[in-house]
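[1] What shape does this take:
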Amino acid sequence: MYELLFDVVRYAALARSSWLLVGLARMLPVHLRARTRRWGIPELLALLELFVFLALTGWLLTDSPALPAPTGTSWLAVVLGATSAWVGVLVSVWAIYTTVRGGVILDGGHFVKREHPLVTTGAYGFVRNPMYLGILLLWFGIAIAFRHALLLLAAVGYVVPVFLLYIRSEDRMLAQEFGAPYEAYRRRVGSLLPRLRRSRA
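    This next block holds a predicted model:
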């Protein structure tokens with residue numbers, strides 16, 4: 001059972017890597033057809049995270065990381081980590097489902113498609129950036145499950161700052177594209193954490 005929980009974490013990483021590969025294959029054609037696209041330091045750092053995560057998944061699937069000895073603390077860590085990782089996957093899938101229902105497919109990078117609506121319901125009514133929330137939960141879930149200091153350092157020192165920069169850049173782009181409706185949405189819905197008390201639009 002103990003080792004099976006680590007497999008659960010590995011499958012969560014594999015799930016994200018599967019849609020990452022599809023997204024990377026679609027990225028260039030989608031960006032070429034977009035009405036607005038943005039490339040800068042935050043976008044390049046976020047793009048690098050995709051390849052880092054693919055490498056992390058490959059490493060996890062080779063059984064390279066040594067499993068912590070099955071102590072009470074290790075059991076707690078792997079249960080919390082597996083839960084966090086799969087909540088991250090489910091939040092991400094909810095975000096994908098929401099956008100497909102809203103008439104647009106999520107793709108990697110900062111752009112606005114010609115047919116891109118402003119999606120504010122479903123996962124996007126919960127937080128403005130459910131995909132990024134899901135990815136952060138997955139990173140932290142893996143690091144906690146394996147009790148791996150380097151992975152935790154990568155999540156805290158690289159992934160979190162990059163995503164915060166990326167979100168700021170995305171907020172500016174969407175405010176320029178959608179104007180007042182986006183500003184009202186931004187006041188009403190939190191970026192990565194749901195707001196307990198929503199401000200009025």
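[2] now the lengthiest helix in the chain, how far from the chain's geometric center?
    The longest helix of the chain (DSSP state H) is helix 2-33. Relative to its chain's centre, helix 2-33 lies at 10 Å (CA atoms, centre = their mean, to the nearest Å).
[3] Any regions of this structure where pLDDT drops low?
    Applying pLDDT under 70 to the chain flags residues 30-35, 37-38, 106-111, 113, 197-201.
[4] Going along the chain, name the helices of it.
    With helices called from DSSP H, the chain shows them at 2-33, 41-61, 72-101, 123-126, 130-146, 149-154, 160-178, 180-188.
[5] Would you mark the buried spots in the longest one?
    Right, helix 2-33. By 16 or more other CB atoms under 10 Å, the buried positions in helix 2-33 come out as 5-6, 8-10, 12-13, 15-17, 20, 23-24, 27, 30-31. Every residue, glycine included, has its C-beta placed from N, CA and C.
[6] re the thing from before, ok and the longest helix of the chain relative to helix 72-101, angle-wise?
    With axes from the mean of the first three to the mean of the last three CA atoms, to 10 degrees applied, the angle from helix 2-33 to helix 72-101 works out at 30 degrees.
[7] between helix 2-33 and helix 130-146, how big is the angle?
    Angle, helix 2-33 to helix 130-146, by the same axes, to 10 degrees: 150 degrees.
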